[in-house]
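# Turn this into a structure:
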Amino acid sequence: MRRSLLPTIGRIPLYIFGATMLVPFYWMLTAAFKPVPELTRNPPSFVPNDPTVDAFYDPNYTPDQRGQQVVAGLFQRFSDVPGGFGRFMFNSLFVATTITVVSLLLASLAAYALTKMDLPGKRVIFVVIVASMMVPWQVSLIPNYLIVRNLGWLNSYEGYIVPALAKAFVVFFLVQYMRSIPDDLVHAARVDGAGEWRIWWRVVMPLMRPALAAMAIFVVLAEWNNFLWPLIIVQSDSMANLPVALSRLNASNAYNPQHFAVIMAASLLTSLPTVIVFLIFQKHFTRGIALSGIKG
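A predicted model of the protein is given here:
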């Protein structure tokens, strides 16, 4: 009996640590559905007494109203941007999805060439890719900006997407995983007359699903939360992504407690897609991480 209790007792610090990580998310969730008087209450309430969705859309709000109890909802703001807050969500979704899909395809092609093809100098190429991971990405910030500006890609989706397609860590991870795939499968496909493109797509890629799912989580989170690069290249509100829109929303209402619920509502909508992606791919994520170290 005592031995059965030891694992449970050992997990208590993990439960406490997990709870402390969930508290900010819970506070954001509850604050998004609190009315204005409840937001300014002291001491604060941890459960909304009168839940409302006015932080998202308040039907009682009019532009000429400046009352203490009524504020513009999230989807009633950014009237100068076509689509309002939905435009920022579309920008983030389109950019993050495109970068994730294209970068994983390119990285898998690179990993296939470095592991399954007789490529001259592939060891040197792999060492250079790994060495590039040691260079801080901020070093390339100014050169990338100058290149994007000279190409006329400022304030465009090309400026968002193209510089983010090269992922050295993804290539490194997929190379380690692809080495665990038996070479005999590739050789057998070649004997049957399959070309390299067909082998990559029909033989190797189905076996790479756990690793691709694991890397998809990393890439999606990184691009969804990307703030500095969009802040530099975006010149109009209509091209801003969610982190940039949140920073502008927070800056314009930083000292007004009436707008805290709107800021929490925007934060909630911004964080929910990342949670959903992780819940969908968590099984593949765990498997991909575990199997990537089988063969070095």
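# measure residue 72 to residue 54 for me?
Distance, residue 72 to residue 54, using C-beta to C-beta, to the nearest Å: 10 Å. Any C-beta I mention is one placed from the backbone N, CA and C, and that applies to glycine too.
# who has more neighbours, these two?
residue 54 (24 against 20; other C-beta atoms under 10 Å).
# ok, now which ones touch that one?
Contacts for residue 54 (C-beta atoms under 8 Å, 6 or more residues apart in numbering) come out as 35, 60, 61, 70, 71, 73, 261.
# And what about it, helix, strand or coil?
What DSSP: H, G, I helix; E, B strand; the rest coil gives for residue 54 is coil.
# try residue 226
Following three-state DSSP, residue 226 is assigned to coil.
# for the stretch 151-296 of the chain, which spans come out with low pLDDT?
254-255, 284-296 (pLDDT under 70).
# switch to 90 and redo it
180, 209-211, 213-214, 216-218, 235-237, 248-262, 273-296 (pLDDT under 90).
# Centroid-nearest residue for this structure?
residue 221 (1.9 Å; C-alpha atoms, centre = their mean).
# which SSE is that one in?
Per DSSP states H and E: residue 221 is located in helix 209-224.
# what distance separates that helix from the middle of the whole chain?
The chain centroid and the centroid of helix 209-224 are separated by 8 Å, computed with C-alpha atoms, centre = their mean, to the nearest Å.
# returning to what we had before: apart from its chain neighbours, what residue comes closest to the residue nearest to the centre of the chain?
The shortest distance from residue 221 to any non-neighbouring residue, by C-beta to C-beta, 6 or more residues apart in numbering, is to residue 274 (5.7 Å).
# Residue 186 too?
Per C-beta to C-beta, 6+ apart, closest to residue 186 is residue 116, 5.0 Å.
# element containing residue 127, please.
helix 122-132.
# State the next helix or strand along the chain beyond that helix.
Following helix 122-132 in sequence, per DSSP H and E, is helix 141-150.
# buried ones in that next one?
Across helix 141-150, burial judged by 16 or more other C-beta atoms under 10 Å covers 144, 145, 148.
# other SSEs contacting it?
helix 228-233 (3 or more C-beta pairs under 8 Å, 6 or more residues apart in numbering; DSSP states H and E).
# what's the helix it packs on in contact with?
Outside helix 228-233, the residues that touch it by C-beta under 8 Å, 6+ apart are 141, 144-145, 148, 153-155, 159-160, 163-164, 240-241, 243-244, 247.
# now with 10 Å?
Outside helix 228-233, the residues that touch it by C-beta atoms under 10 Å, 6 or more residues apart in numbering are 91-92, 95, 137-138, 141-142, 144-145, 148-149, 153-156, 158-160, 163-164, 223, 239-245, 247-248.
# which is the next helix or strand following that helix?
Downstream of helix 228-233, the first helix or strand assigned by DSSP H and E is helix 242-252.
# Tell me the helices and strands packed up against the helix or strand that that next one is followed by.
Scanning forward in sequence from helix 242-252 by DSSP H and E, the next helix or strand is helix 260-291. Packing partners of helix 260-291 (3 or more C-beta pairs under 10 Å, 6 or more residues apart in numbering; DSSP states H and E): helix 2-31, helix 36-39, helix 85-116, helix 168-178, helix 209-224, helix 242-252.
# Buried ones in the second one, by neighbour count?
Buried residues in helix 36-39, defined by neighbour count with 16+ other C-beta under 10 Å: 36, 38, 39.
# Next: stretch 164-173.
Buried-residue list, stretch 164-173, by 16+ other C-beta under 10 Å: 164, 167, 168, 169, 170, 171, 172, 173.
# Pull up the distance across that stretch, start to finish.
Stretch 164-173 has an end-to-end distance of 17 Å (criterion: C-alpha to C-alpha, to the nearest Å).
# contacting residues for residue 277?
Counting by C-beta under 10 Å, 6+ apart, residue 277 touches 96, 100, 213, 216, 217, 220, 221, 224, 285.
# try 7 Å
217, 220 (C-beta atoms under 7 Å, 6 or more residues apart in numbering).
# From residue 151, how far off is it?
31 Å.
# cool, residue 94 as well?
20 Å.
# just the buried members of the contacts of helix 228-233?
Members of those classed as buried by 16+ other C-beta under 10 Å are 91-92, 95, 144-145, 148, 153-156, 159-160, 163-164, 223, 239-245.
# In terms of helices and strands, where is the residue found closest to residue 203 once you drop the neighbours it is linked to in the chain?
Of all residues not flanking residue 203 in the chain, residue 189 sits nearest, at 5.2 Å (C-beta to C-beta, 6+ apart). Taking DSSP H and E as the criterion, residue 189 maps to helix 183-191.
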